[in-house]
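A.B. asks: A structural model of the following input is requested.
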Amino acid sequence: MARTQTRRPPSSCPVCNHRLATTRLSCPACDTELSGAFTQCEFCVLTDEDREVLRVFLASRGNMKDLERHLGVSYPTARARFDTLLGKLGIERPAAPAPSRVELMEQVARGEIDVDEALARLNKNG
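C.D. replies: Reported below is the predicted structural model:
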């Protein structure tokens, strides 16, 4: 039996690139149709790859080291991917003050960052 492939609808207009609005819903079982202005799921704008990053992050209860291991990338790369994901969802993080030396050492001890990342942050913050 052939497996039906699920297709995701486009989220942006192919003409002007603005976000498309959901205006019609239909039932494949009885052919009932509803039209109107419907709100879209905020996660619908995410790519499958973005959804996987979010799923792994949530499953690991927000542990960036687990996300890093799953993606097979460095901590800064995992962090950048997650920050990009937040941006796509419209969640902008305010700039945090630079961590102190003690905070960086605590992050290393908890396994949140490695020694190289801590040193890079120290050098960056002077």
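A.B. asks: wait, Thr22 touches Gly36, no?
C.D. replies: No: the pair Thr22 and Gly36 does not pass the contact test of C-beta atoms under 8 Å, sitting 9.1 Å apart. In short, each C-beta sits where N, CA and C put it, glycine included.
A.B. asks: pull out the buried positions in stretch 80-89.
C.D. replies: Of the residues in stretch 80-89, 81-82, 85 count as buried by neighbour count, 16 or more other C-beta atoms under 10 Å.
A.B. asks: and for stretch 51-59?
C.D. replies: 53-54, 56-57.
A.B. asks: turn those into CSV, columns for distance to Cys27 and secondary structure.
C.D. replies: Output for the buried residues of stretch 51-59, formatted as CSV (distance: C-beta to C-beta, whole Å; DSSP: H, G, I helix; E, B strand; the rest coil):
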residue, distance to Cys27, secondary structure
Val53, 33, helix
Leu54, 29, helix
Val56, 34, helix
Phe57, 34, helix
